[in-house]
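Trainee: Sequence and predicted model, in that order:
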Amino acid sequence: MRPSIILLTLAAVTSLTAQVRFTPGSVNITIDGKPFTTFHYGAAANKPYLAPIRSASGKIVTRGFPMEMITGESRDHLHHRGLWFTYDDVNGVKFWENDPSYKKGRIGKVVVKDARWKDGAKQGVLTAAMEWQDPEGGVLLIENRDMTFSGDANLRVIDFHIVLTAAQDVTFGDTKEGAFAIRLAEPFTERRGGKMTDADGRTGMANVWGKRSNWVDYTAELDGEQLGVAILSYPSNPNSPPYWHARDYGLFSLNPFGQNAFDKNAEERKTQLAKGQKLTYRWRVVVHPGDAAAVPDLYKAYTGGK
């Protein structure tokens, strides 16, 4: 992947221009000349992630740590980096709690083997091919991920289309630690006034954590502007709707694999794939102004009313 710059146009209320710059270990994405996010795929984190993520007004909605030290920001969970997708039990290998500094358990890593950019009239797509590797370098899963970036004067949107192919027989264990997650900036925490809402009208960690729902939204006030970050799960995804590992300190994560970890009355779930079998997921992340009242319409637009 040699460094290059590619221009494209994104669909918007007014036509916006995006610029993408490949540099060693990262891909920078801007919309209408404004920074949106960066895709990091270097070895420093043992997994690829997007950070920071900005609103249409330019405010950063993700936590800076551990990539950046910001005064007053929490410094827990080294493996919480921006927006990412991993899981903590694939054949007993830990891909969630997998910071390179960790020594406990069998620590795996997700290695990006190739990344390519496709431009278009309405959006830009970053396609990445990855390997989920065990500590010995053996490949458990091959991941092909399309990330589609779009936006307008008010919204920033990232669509994910992920295909996991078993490189050998694999089993996803039943754990809460996963899978498609974002760690938000400090103002989103409940102790700072942030509010978590799911598609079924439940609010707050006490009511959202461990429940199944099609979407969860976290809202907060950042520098005088009310902003929300929503994760939307497409209804045809396996084991839909997913359980949510949603915490009051700014983490929220949908989990399509765990079950008994969230509901002790439910059976333990073991998702098994024979070599060559595939799992396909579609998720959308939306950074929007206002509160969760806007999210039902955003979800209908995403799913076509399904």
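Mentor: That came through fine. Residues are numbered from 1 along each chain as shown.

Trainee: what's the closest non-adjacent residue to Lys47?
Mentor: Val110 (4.3 Å; CB to CB, 6 or more residues apart in numbering). In short, each C-beta sits where N, CA and C put it, glycine included.

Trainee: The stretch 51-200 of the chain: strands as residue ranges?
Mentor: 83-87, 109-118, 124-133, 139-151, 156-166, 170-172, 178-183, 195-198 (DSSP state E, counting those that start in this stretch).

Trainee: Reformat these as JSON lines; add mean neighbour count.
Mentor: Below are those laid out as JSON lines (neighbours: other CB atoms under 10 Å):
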{"stretch": "strand 83-87", "mean neighbour count": "25"}
{"stretch": "strand 109-118", "mean neighbour count": "17"}
{"stretch": "strand 124-133", "mean neighbour count": "20"}
{"stretch": "strand 139-151", "mean neighbour count": "20"}
{"stretch": "strand 156-166", "mean neighbour count": "20"}
{"stretch": "strand 170-172", "mean neighbour count": "20"}
{"stretch": "strand 178-183", "mean neighbour count": "25"}
{"stretch": "strand 195-198", "mean neighbour count": "22"}
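
Trainee: shaky segments in this structure?
Mentor: Along the chain, the model assigns pLDDT under 70 to residues 1-23, 120-121.

Trainee: Could you look up the SS state of the residue in it sticking out farthest from the centre?
Mentor: In the chain, counting by CA atoms, centre = their mean, Asn265 sits farthest out from the average C-alpha position, at 28.2 Å. The three-state label given to Asn265 by DSSP: H, G, I helix; E, B strand; the rest coil is coil.

Trainee: List the beta-bridge partners for Thr86.
Mentor: Ala179 (DSSP bridges).

Trainee: Now do the same contact list for it.
Mentor: Thr86 makes contact with Lys47, Phe95, Trp96, Asn98, Val110, Gly178, Ala179, according to CB atoms under 8 Å, 6 or more residues apart in numbering.

Trainee: swap the cut-off to 6 Å and go again
Mentor: For Thr86, the contact set (CB atoms under 6 Å, 6 or more residues apart in numbering) comprises Lys47, Phe95, Trp96.

Trainee: What is the neighbour count of the last one?
Mentor: Meaning Trp96. Residues lying near Trp96 (other CB atoms under 10 Å) number 23.

Trainee: Contact partners for it?
Mentor: Per CB under 6 Å, 6+ apart, neighbours of Trp96: Thr86, Tyr87, Asp88, Glu177, Gly178.

Trainee: roughly how far apart are the first one and Gly304?
Mentor: Look at Thr86 and Gly304: by CB to CB, to the nearest Å, they are 29 Å apart.

Trainee: cool, the third one as well?
Mentor: Using CB to CB, one gets 33 Å for the distance from Asp88 to Gly304.

Trainee: what does the second one give?
Mentor: As for Tyr87, its distance to Gly304 is 28 Å (criterion: CB to CB).

Trainee: now the last one
Mentor: For Gly178, the distance to Gly304 under the criterion CB to CB works out to 28 Å.

Trainee: circling back: which pair of the contacts of Trp96 spans the longest distance?
Mentor: Across the contacts of Trp96, the longest distance by CB to CB is 9.0 Å; it joins Thr86 and Glu177.

Trainee: before we move on, back to that, Asp88 and Gly304 - which one has more neighbours?
Mentor: More crowded of Asp88 and Gly304, by other CB under 10 Å: Asp88, with 24 against 6.

Trainee: In this structure the more buried one contacts Lys104, no?
Mentor: No. At 11.6 Å, Asp88 does not count as touching Lys104 under the criterion of CB atoms under 6 Å.

Trainee: The longest helix seen in the chain: which residues count as buried?
Mentor: Determined from DSSP state H, the single longest helix within the chain is helix 295-303. Neighbour-count burial for helix 295-303 flags Val295, Leu298, Tyr299, Tyr302, Thr303 (criterion: 16 or more other CB atoms under 10 Å).

Trainee: Same check on stretch 205-223?
Mentor: 205, 208-220, 222.

Trainee: Mark which of these are part of helices, please.
Mentor: Applying DSSP H to these, the entries found in helices are Met205, Val208.

Trainee: Quick check: the farthest pair among the buried residues of stretch 205-223?
Mentor: Within those, two members stand farthest from each other by CB to CB: Arg212 and Leu222, at 29.2 Å.

Trainee: mind saving the C-alpha coords of stretch 249-257 as CSV?
Mentor: C-alpha atoms of stretch 249-257 as CSV (Å, rounded to 0.1, in the frame of the first residue of the first chain):
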residue,chain,number,x,y,z
TYR,A,249,-18.3,5.5,31.3
GLY,A,250,-18.7,6.0,27.6
LEU,A,251,-18.3,2.6,26.1
PHE,A,252,-21.1,1.0,24.1
SER,A,253,-20.8,-2.2,22.0
LEU,A,254,-23.1,-4.5,20.2
ASN,A,255,-22.4,-8.2,20.7
PRO,A,256,-23.8,-10.7,18.2
PHE,A,257,-22.1,-13.7,19.9
